[in-house]
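J.: I would like the atomic coordinates for the input below:
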Amino acid sequence: KVTKYSSLWESSSYAEVSVNKTPFDLRPAKADDYKDVEALARQLYRIREVAHPSVFVVADAALIDSNEWQNALASEDHSIILAVVDDEVSGFVHASVQRVTKSLQHLERQYALIEMMAVSSEHRRSGIGRSLVQNVQDWASERGLSEVELEAYDANRDAIGLYEALGYRSVKRTMSIAVR
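T.: Got it, this is the predicted structure:
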């Protein structure tokens, strides 16, 4: 299913500075989209590398394992959606179903996890990220999942602003300190 969009940003403070009206299509990923998604993942990892140089390095090797890519495409428990601008992959989101069994500390539940999402630097603040997240929310709802979760690095303020504008709230925080 291909969905046509012309970004409409109207309601949040994040949206007020996001008025680029770039038309784009959303479509499911195919096997031959691997290199385009890999290139976008590389942009995302560069942001992480700059923010946390003692933790991340953008290697020359593939950032997305090709076997995992094929398995995710074939699985009903994964959704990989691409945003396409002028026949160019300009964003993607990869989400998966997560299952938690009941334990002393947790209730049994199933939820969607946004494993990775990236939008090309030239198409950020155009509505692509918002549409990709909304697509995951719709996918999760259609499957009867309880919620959508994701992780965002504190240094990625643009992504956090987007998620907060969409109603996401922080429920857990990982903190660190360098000791050498």
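
J.: I'd like to know which elements the lengthiest helix in the chain is packed against.
T.: Across the chain, the longest stretch assigned as helix under DSSP state H is helix 34-51. Contact partners of helix 34-51 among helices and strands, from 3 or more Cβ pairs under 8 Å, 6 or more residues apart in numbering; DSSP states H and E: helix 66-74, strand 78-85, strand 88-100, strand 109-119. The C-beta positions use only the backbone N, C-alpha and C, and glycine is treated the same way.

J.: quick one, the following helix or strand past the last one and strand 78-85 angle?
T.: Going back to what we said before, that points to strand 109-119. The element immediately downstream of strand 109-119 (helix or strand, assigned by DSSP states H and E) is helix 128-142. Helix 128-142 runs at 150 degrees relative to strand 78-85, counting by axes from the mean of the first three to the mean of the last three Cα atoms, to 10 degrees.

J.: Buried residues of helix 128-142, list them for me.
T.: For helix 128-142, burial by neighbour count (16 or more other Cβ atoms under 10 Å) applies to 128-133, 135-137, 139-140.

J.: from memory Lys30 sits against Trp69, does it?
T.: No - at 10.6 Å, Lys30 does not count as touching Trp69 under the criterion of Cβ atoms under 8 Å.

J.: more crowded one of the two?
T.: Using other Cβ atoms under 10 Å as the criterion, Lys30 and Trp69 rank with Trp69 on top: 20 against 10.

J.: The nearest residue to the more buried one once chain neighbours are set aside: what's it in contact with?
T.: Distances taken as Cβ to Cβ, 6 or more residues apart in numbering put Tyr34 closest to Trp69, at 5.4 Å, once the chain neighbours are dropped. Applying Cβ atoms under 8 Å, 6 or more residues apart in numbering to Tyr34 gives the contacts 64, 66, 69.

J.: of those, closest to Glu122?
T.: Compare each of those with Glu122 using Cβ to Cβ and the shortest gap goes to Ile64, at 21.1 Å.

J.: My guess is that closest one contacts Leu40. True?
T.: No - contact criterion Cβ under 8 Å: Ile64 and Leu40 do not qualify, at 9.8 Å.
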